[in-house]
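> got a structure for you, letters missing:
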């Protein structure tokens, strides 16, 4: 396991998850509901920025590693899953949406791991539809965490629309990856 700046940022992102979740369990006397929403939104945005930044630094500093390539998407999936579960608990996202998004992440992660083991990882490389899904999801989640208005714009409504768009793109991208992998799956049934 290599410790470098990009991997350290990824570990920091993972370390933010219990703080992110814990904010909503803090007594209202310590921090009010609106402040919980604001702090959680800020933590999620910081995590999203470090996700982009650690990838940029890994390439710029030539500090890419197999471990970093493994850990980075795990950190992303953990943060998104934690956020979706909290949003379900807070009644801001329907459970079916969280199940679809989290279920897709688990399915595609398992598919990618299996395809890598049989030497076919290029067939499930990140596709444009996956990037669109991520953009919709990473925009919707902070808007739903914030759960309020900004400059008379109802961010919760926009976040609600975008999370449904993200769920539709999630299903589309899962279908795309499974379709791409189907011939390889048929060849490697053992």
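Nice, thanks for sending it over. This structure is a prediction, so every number in the text was calculated from the model and none was measured. Numbering: from 1, shown residues only.
> what mean pLDDT does the helix or strand containing residue 168 have?
With secondary structure defined by DSSP states H and E, residue 168 is part of helix 155-187. When pLDDT is averaged along helix 155-187, the result is 87.
> Counting by contacts, list what that helix packs against.
Helix 155-187 sits against helix 95-117, helix 128-146, with contacts defined as 3 or more CB pairs under 8 Å, 6 or more residues apart in numbering; DSSP states H and E. (C-beta placed from N, C-alpha, C; glycine too.)
> which residues are contacting stretch 72-83?
Residues outside stretch 72-83 that contact it (CB atoms under 8 Å, 6 or more residues apart in numbering): 6, 10-11, 13-14, 16-17, 20-21, 44, 47, 51, 54-55, 101-102, 105, 109, 137, 141, 145.
> Please apply the same query to stretch 9-25.
31, 36, 39-40, 43-44, 46-47, 50-51, 53-54, 57, 68, 71-72, 74-76, 78-79, 82-83, 86, 89-90.
> From those residues, which land in helices?
Among the contacts of stretch 9-25, the members falling in helices (DSSP state H) are 36, 39-40, 43-44, 46-47, 50-51, 53-54, 57, 68, 71-72, 74-76, 78-79, 82-83, 86, 89.
> Count the neighbours of residue 116 for me.
Neighbours of residue 116 under the rule other CB atoms under 10 Å: 12.
> low-scoring stretches of this protein, by residue?
1-2, 119-127, 185-186, 188-190 (pLDDT under 70).
> try 90
Applying pLDDT under 90 to the chain picks out residues 1-12, 27-29, 48-76, 105, 107-135, 147-152, 173-190.
> domains of it?
1-91, 94-190 (automatic domain parsing).
> which residue is nearest the centroid of the protein?
residue 80 (3.8 Å; CA atoms, centre = their mean).
> can you tell me how far that residue sits from residue 152?
Distance, residue 80 to residue 152, by CB to CB, to the nearest Å: 29 Å.
> swap in residue 57?
The gap separating residue 57 from residue 152 is 38 Å, by CB to CB.
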